[in-house]
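K.L.:
Everything below, folded, please.
(3 chains)
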Amino acid sequence: MLRRVSATVSLLAAAALALAGCTPADPAGGKTIKVAYQKTDSFTALDTMFQDAKKEFEAAHQGVTVELQPIQANDDDYGTKLALALRSPATAPDVFYEDTFKVRSDVDAGYLLNLDSRLAAWKDWDKFDAGAKEAGKADDGGTYAVPLGTDTRAIWYNKKVFEAAGIALPWRPATWQDILDTARKIKASNPTVIPFNMYAGKGTGEGTVMQGFYELLYGTGAGLYDQDAKKWVVGSAGFKDSLTFLQTLYQENLAVPPADALDPNVWKKVFGDWFPKAQLGATVEGSYTPSFWQKGGSYEWPAYAQDMGVAPFPTRNGGAPGAVSMSGGWTLAVGAETKQPDLAFTFLTTALNAKNSLQFTVASSQIAVRTDVAADPGYQSANPFVKDVSSLVSVTRYRPATSDYPRISAAVQEATEAVITGKRTPEQAAADYDTAVAGIVGGDKTVRK
Amino acid sequence: MARHHQRRQLARYLPVLPAILLLAVFLAGPVLWAFQASLTNAGLTGRHARNPEWVGLENYQRLLQDPVFPLSLALTVLFVGGSAVLGQNVLGLALAVLLRRARPAVSAVVGTAVVAAWVLPEIVAAFAAYAFFSRDGTLNQLLGGMGLAEVDWLYAVPMLAVIMANVWRGTAFSMLVYRAALGGVPAELTEAAHMDGAGAWQRLVFITLPVIRGSIATNLMLVTLQTLAVFTLIWVMTAGGPANGSSTLPVMAYQEAFKFGDIGYGTAVASVLILIGAVFGAAYLRLLREQKP
Amino acid sequence: MADAVLLVIGACFVLPLLWLVLGSLDPAAGHGTKVPLRPALDNFSAVLTPELLFRPLWNSLLLSAGTGAVTLAAAVLAAYPLSRFRSRFNTPFLYGILFGTCLPVTAIMVPVYGLFVQLQLLDSLPATVLFLSATSLPMAIWMTRNFMDAVPLAVEEAAWVDGASRLAALRSIVLPLMGPGLGVVFIFVFIQAWGNFFVPFVLLLSEANQPAAVSIFSFFGQYGAVAYGQLAAFSILYSLPVLALYGIVARGAGNPLALSGAVRG
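P.N.:
Numbers count the residues shown, from 1 in each chain, chains lettered A, B, ... in the order given. Predicted coordinates for the structure are as follows:
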């Protein structure tokens, strides 16, 4: 009788599992390359690139299937989803889209495959810009990721709003004070527009620090990380001053209402709504900005070429080098536990060949990392701002390349959120940040400056 | 013979095995794993992802120093106290009392409305609540229509918003419990009190409530435990913000573990939550034993 | 008096739902509640696509039906000895079970994720079904045992006299008598699994496996800021099945309270 009972159990369970398991599985036999990447309603260029690469690759490799796994999420949630999947070899993708600032921590975690020997045999590798190659390197000096493109950050401003407020064009602020003066002038002339927005808070995630806080911090002479001592900087006056600048912007309503700033989708309104409708004076944004407005972009706005202007973000008091910019960018990497490392790498090179790279670089307004792409007339004339934003490469900064960085960044975002919501003063928020950093990396890895 | 009996006894209980296996692997296992992982520095990325190190009570020490933790604990108490103990419990009792007095048509309609909010999938209820409390949402429309000041609920008073949302979502449970409990109060008791000239309010306080006190205690325990675990509602409405203004323990555990990638620290927060749940659970069991004659 | 107070409270409960209904019919919906100027079904037709609606709903169905089946099977088997034999084992087990119902499931999601990584079960529908079954099992065993207690032993004994084995008697006599009760348990487990967001959110990563609860959340992050109407329409289509199922149970069981404990997050 017991045998029959257990038989019944297993039958029932099997039936349930079969029911649950009858989703389409991998085609039996053939090899499969899983590719994970980000796709959103306003970022489809990468999807297009992988679709093309898949066709090309499958035609050249009979019997191999490329399984595209677009993850529909913003940068932050994409990072979480990818990390969740990477942790288990069973779900880790073979090739994936990886933010440069995560490369080192993911190498430390053992998620990324060392590509040195394969890159040496890839003739195109010499065409990659030496600076950009750095982004794919880990502490051991090996290369684990191939850059897709890079970017810089600058102030984007709406000329119509500025003209209406009587501000001379082209605008080029020399100090933080210039920014505040201009913003107040715009506010006085038309209280309904948002004069000067800077992202802040946890909602916009990495955007908060890359297009906002770091432009401020690095313009004070302070930094986040002491590269030589390999310690995190705490207690700096620059950190407090940067928070104070954000506090001024938000308290005087020169930026968006804090409640809006915390909305993870606020940037969609910046590109899709406020700039085209001349409701926003200026904001700090990436060199990829034109990708949203150009033909085929998610918020097509042909007039952007005339209506928008771009200016470098100034240092606090105009001190050398006179401007601050941040560079990030994304890479493609191969999973450490992939069963077909060679096929996966070959797919990566297909996706990043000259043709696909050019198309992606132009469609997403990236700064080219391949010299042949950079020299292409199609790239140089892709939008009127290519020259301006590319020139910022000379002053640009990179995020500290350490595996603790992602958590430090979260602490910075937390500090900005506390300040713009009025929950903490800049001094308190900076002190909270110091405590948080010590908790993350340990007190002996911090340095007071 | 005795051994034979024992073996038969064992065989009889064999069918319980699948259930025990499921419970052991998927409920007891993770609980034990949680306590173990909270003593390590396991991470989602970085060098501790593959090789977590034993750090003893470090995560718990960090909890004590972290300014967010006491805040989170206080918010959890506020959330449970406000939305479960006060909100759902009292409103549920009031509804149950009123439903017995109202016309059948009215109580059917209102009862359905209350239950509808409860039966909806949690994510849908959360969206509806988000839209209702958002700046240009229904609540502000109403306030504006009545000439009252509008409030940015989710930003200015996030805790009040999520507490009200949870009352809306969960009151049905208490209402159903009390409806059944009231149904079990002998009519003679209240009638006798009525004859003695007791008012409706007095009858409720002095006769009905003492009779159903067992149900009240049970209900309090259950709604507390349910509310302790609420995540989706808060996550969708405020994501724990602004500036951690509504980050209860489940939200904090999720953020630390998955958003900031600190699995060890996140599980320490989760372990605290499990312990709190266990205390209430044990109290609940005691209560049930006492109620049994 | 009671009527008036009740109607006011009822109105408060209906208001947030009103947005859902009106918004879904309004192609120009926002956060506010308003009667659509030109009510239309555009929002519904916009979300009625395989990628957006059908696949997630199919996944939800697999997840919920699978969980219902596994839970019911395990619960019936466990309930039988608990109901039919006397043993020192029964009371502690039942209290243990009851204690299990108190466990805040959100609190164990971080460790469960860790467990799934270790066992390489991440992104697997069957494994998620097993986990969901484990979480609903305590309540299901409790309920099933109560239903089984209500079937008199005498009926079963009559079958034994006729030469039926225990299993045969269970199958042909006891289970049919418990039919409505088992249906109720199944439906409640089903509803619970259908509405669950957090568990699949953490355990199912690829879009191909995600149930509606999760896909609706990413829809909210992606388009929710612009297409409120479609979000509302999507939400309604996703909620209808459980509302209908609840209706069946509430009508059939007469006393929804006996089962109320089953639906909780």
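
K.L.:
residue ranges with poor pLDDT in chain B?
P.N.:
For chain B, residues meeting the criterion pLDDT under 70 lie at B:1-2, B:292-293.

K.L.:
Give me the most central residue, it.
P.N.:
In chain B, the residue lying closest to the centroid (Cα atoms, centre = their mean) is B:Thr227, at 1.4 Å.

K.L.:
Surely it is in contact with B:Val80?
P.N.:
Yes: using Cβ atoms under 8 Å, B:Thr227 is in contact with B:Val80, at 4.8 Å. No exception for glycine: its C-beta is placed from N, CA and C like everyone else's.

K.L.:
wait, what's in contact with the residue of the stretch 301-449 of chain A found nearest chain C?
P.N.:
Nearest residue of the stretch 301-449 of chain A to chain C, counting by Cβ to the nearest Cβ: A:Glu337, 11.0 Å away. By Cβ atoms under 8 Å, 6 or more residues apart in numbering or on different chains, the contact list for A:Glu337 reads A:89, A:92.

K.L.:
With B:Leu249 instead?
P.N.:
Counting by Cβ under 8 Å, 6+ apart, B:Leu249 makes contact with B:72-73, B:76, B:228, B:269, B:272-273, B:276, C:107.

K.L.:
contacting residues around the helix or strand where the residue nearest to the centre of chain B lies?
P.N.:
Per DSSP states H and E: B:Thr227 is located in helix B:213-228. Contact with helix B:213-228 is made by B:76, B:79-80, B:83-85, B:88-89, B:92-93, B:166, B:170, B:173-174, B:177-178, B:180-181, B:209, B:249-250, B:273, B:276-277, B:280-281, B:283-284, B:287-288, B:291, C:102, C:104, C:261, C:264-265, as judged by Cβ under 8 Å, 6+ apart.

K.L.:
buried ones in the biggest helix by length in chain B?
P.N.:
When chain B is parsed with DSSP state H, its longest helix is helix B:263-291. Within helix B:263-291, the residues that count as buried by 16 or more other Cβ atoms under 10 Å in any protein chain shown are B:263-274, B:276-278, B:280-281, B:283-285.

K.L.:
and chain C, which of the residues you listed reach it?
P.N.:
Among those, the ones lying near chain C by Cβ under 8 Å from any Cβ of the partner chain are B:263, B:266-267, B:270, B:273-274, B:277-278, B:280-281, B:284-285.

K.L.:
Just send the contacts of B:Leu249 back as a markdown table, with distance to B:Val119 too.
P.N.:
Output for these, formatted as a markdown table (distance: Cβ to Cβ, whole Å):
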| residue | distance to B:Val119 |
| --- | --- |
| B:Ser72 | 30 |
| B:Leu73 | 31 |
| B:Thr76 | 26 |
| B:Leu228 | 21 |
| B:Val269 | 31 |
| B:Val272 | 31 |
| B:Leu273 | 26 |
| B:Ile276 | 27 |
| C:Ala107 | 24 |
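
K.L.:
The longest helix of chain B near chain A at all?
P.N.:
No: Helix B:263-291 is not in contact with chain A by Cβ under 8 Å from any Cβ; minimum separation 8.7 Å.

K.L.:
Which other helices and strands does that helix contact?
P.N.:
If you count contacts as 3 or more Cβ pairs under 8 Å, 6 or more residues apart in numbering or on different chains; DSSP states H and E, helix B:263-291 packs onto helix B:29-37, helix B:58-65, helix B:68-79, helix B:213-228, helix B:249-254, helix C:90-101, helix C:109-118.

K.L.:
so of those helices, which one's packed in deepest?
P.N.:
Ranked by mean neighbour count, those are led by helix B:249-254 with a mean of 27 (mean count of other Cβ atoms under 10 Å in any protein chain shown).

K.L.:
in the stretch 1-150 of chain C, which spans are helices?
P.N.:
For the stretch 1-150 of chain C, the helices defined by DSSP state H, counting those that start in this stretch occupy C:2-25, C:42-47, C:55-84, C:90-101, C:109-118, C:125-149.

K.L.:
Spatially nearest residue to residue 115 (excluding sequence neighbours)?
P.N.:
You didn't say which chain, so I picked chain A. A:Thr143 (5.4 Å; Cβ to Cβ, 6 or more residues apart in numbering or on different chains).

K.L.:
Chain C is the one I meant
P.N.:
Spatial nearest neighbour of C:Leu115, excluding adjacent residues (Cβ to Cβ, 6+ apart): B:Pro30 at 5.4 Å.

K.L.:
Could you do C:Ser87 as well?
P.N.:
Per Cβ to Cβ, 6+ apart, closest to C:Ser87 is B:Gln9, 6.7 Å.

K.L.:
What of A:Leu86?
P.N.:
Per Cβ to Cβ, 6+ apart, closest to A:Leu86 is A:Tyr111, 4.5 Å.

K.L.:
How much space separates that neighbour from B:Gly264?
P.N.:
From A:Tyr111 over to B:Gly264 the distance is 18 Å, taken as Cβ to Cβ, to the nearest Å.

K.L.:
Next: B:Gly43.
P.N.:
B:Gly43 sits 7 Å away from B:Gly264, going by Cβ to Cβ.

K.L.:
Name the residues contacting each of those two.
P.N.:
With Cβ under 8 Å, 6+ apart, B:Gly43 and B:Gly264 have common neighbours B:Pro52.

K.L.:
still on that earlier bit, wait, the residue nearest to A:Leu86 sits on B:Ala49?
P.N.:
Yes: using Cβ under 8 Å, A:Tyr111 is in contact with B:Ala49, at 7.5 Å.

K.L.:
which intervals of the chain have sub-threshold pLDDT?
P.N.:
In the absence of a named chain, chain A is used. Within chain A, the set of residues satisfying pLDDT under 70 comprises A:1-29.

K.L.:
meant chain C actually
P.N.:
C:223-226, C:252-265.

K.L.:
before we move on, what SS does the closest residue to A:Val270 other than its chain neighbours have?
P.N.:
Distance criterion Cβ to Cβ, 6+ apart; nearest residue to A:Val270, sequence neighbours excluded, is A:Thr283 at 5.8 Å. Recorded secondary structure, A:Thr283: strand (DSSP: H, G, I helix; E, B strand; the rest coil).

K.L.:
show me what contacts A:Thr283?
P.N.:
Counting by Cβ under 8 Å, 6+ apart, A:Thr283 has contacts A:155-156, A:196-199, A:211, A:270.

K.L.:
could you redo the last one with a cut-off of 6 Å?
P.N.:
A:Thr283 is in contact with A:156, A:197, A:270, counting by Cβ atoms under 6 Å, 6 or more residues apart in numbering or on different chains.

K.L.:
which of the residues you listed lies closest to chain C?
P.N.:
Relative to chain C, and with distances defined as Cβ to the nearest Cβ, the nearest of those is A:Val270, at 12.3 Å.

K.L.:
Any figure for the gap between the residue nearest to A:Leu86 and B:Gly111?
P.N.:
Distance of A:Tyr111 to B:Gly111, computed by Cβ to Cβ: 53 Å.

K.L.:
Between the two, point out the one with more neighbours.
P.N.:
Shown here are A:Tyr111 and B:Gly111; by other Cβ atoms under 10 Å in any protein chain shown, A:Tyr111 has more neighbours (28 against 23).

K.L.:
Within range of chain B, give me the residues from chain A.
P.N.:
A:2, A:5, A:9, A:80, A:83, A:105-106, A:108-110, A:259, A:262, A:403, A:407, A:410, A:417-418, A:421, A:423, A:439 (Cβ under 6 Å from any Cβ of the partner chain).

K.L.:
Would you mind writing the PyMOL command to select the buried ones in these?
P.N.:
Burial among the residues of chain A next to chain B is assessed by 16+ other Cβ under 10 Å; the matching PyMOL selection reads:
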select buried, chain A and resi 5+9+80+83+105+106+108+109+259+262+403+407+410+417+418+421+439
